[in-house]
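Undergrad: Dropping a prediction and its sequence here:
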Amino acid sequence: MKTLRDQTNVRTGDVVLVNLDPTLGSEMRKTRPCLLIEAGGSPLNLVIALPITDNTTPRASPLFVPIADLTLAGLTKPSAIDCYQLRTVSLERVARRLGSVGPEVLDTVRSRLAVLLDLGEEHLLQ
């Protein structure tokens, strides 16, 4: 699989195709779209990603954020971002950029992650 060579080709908010194998247990597997929630500045060529699933059957959990603009994201079927499966991955796992999400989706994802990780304002860097 061809991969991106450096972080200059991707940015936070991009939807990229990532090879998540090998996996264990209930981790999302195979090559799938992921949302990059942090894609800048790692000297190790790592990015932080959230897998995207097209399994959108009633997702009552607030940990799934639907993607409304599929065209912008470069996706073809109804999809949701799984905030529970936060991953740090090497850029060597990133095959290509598909598209991006709007700022409102990225803000919703960040809010859900803050709740999931129990991050309050007292933890913000000044």
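TA: Everything's here; your move.
Undergrad: is it true that Thr53 touches Ser79?
TA: Yes - contact criterion C-beta atoms under 8 Å: Thr53 and Ser79 qualify, at 6.5 Å. To be clear about C-beta, it is placed using only N, CA and C from the backbone, and glycine gets the same treatment.
Undergrad: Between the two, which is the more surrounded one?
TA: It is Ser79, of Thr53 and Ser79, that has more neighbours when counted by other C-beta atoms under 10 Å, with 23 against 16.
Undergrad: Contact partners for that one?
TA: Contacts here follow C-beta atoms under 8 Å, 6 or more residues apart in numbering; on that basis Ser79 touches Pro33, Ile52, Thr53, Asp54, Thr56, Pro66, Ile67, Leu70, Ala73.
Undergrad: Quick check: which helices or strands does whichever strand or helix holds Val15 pack against?
TA: Per DSSP states H and E, Val15 falls inside strand 14-19. Helices and strands touching strand 14-19, by 3 or more C-beta pairs under 8 Å, 6 or more residues apart in numbering; DSSP states H and E, are strand 31-38, strand 46-53, strand 94-100.
Undergrad: Asp21: which of those strands is closest?
TA: Smallest distance to Asp21 across those (C-beta to C-beta): 7.5 Å, for strand 31-38.
Undergrad: How far away from the center of its chain is the closest one?
TA: Distance of strand 31-38 from its chain centroid, counting by C-alpha atoms, centre = their mean, to the nearest Å, is 3 Å.
Undergrad: Quick check: mean pLDDT of stretch 85-105?
TA: Averaging pLDDT along stretch 85-105 yields 93.
Undergrad: try stretch 61-74
TA: The average pLDDT within stretch 61-74 is 92.
Undergrad: what do you get for stretch 9-25?
TA: Rounded mean pLDDT across stretch 9-25 is 85.
Undergrad: Go through it and flag the buried ones.
TA: Val10, Thr12, Gly13, Asp14, Val15, Val16, Leu17, Val18, Asn19, Leu20 (16 or more other C-beta atoms under 10 Å).
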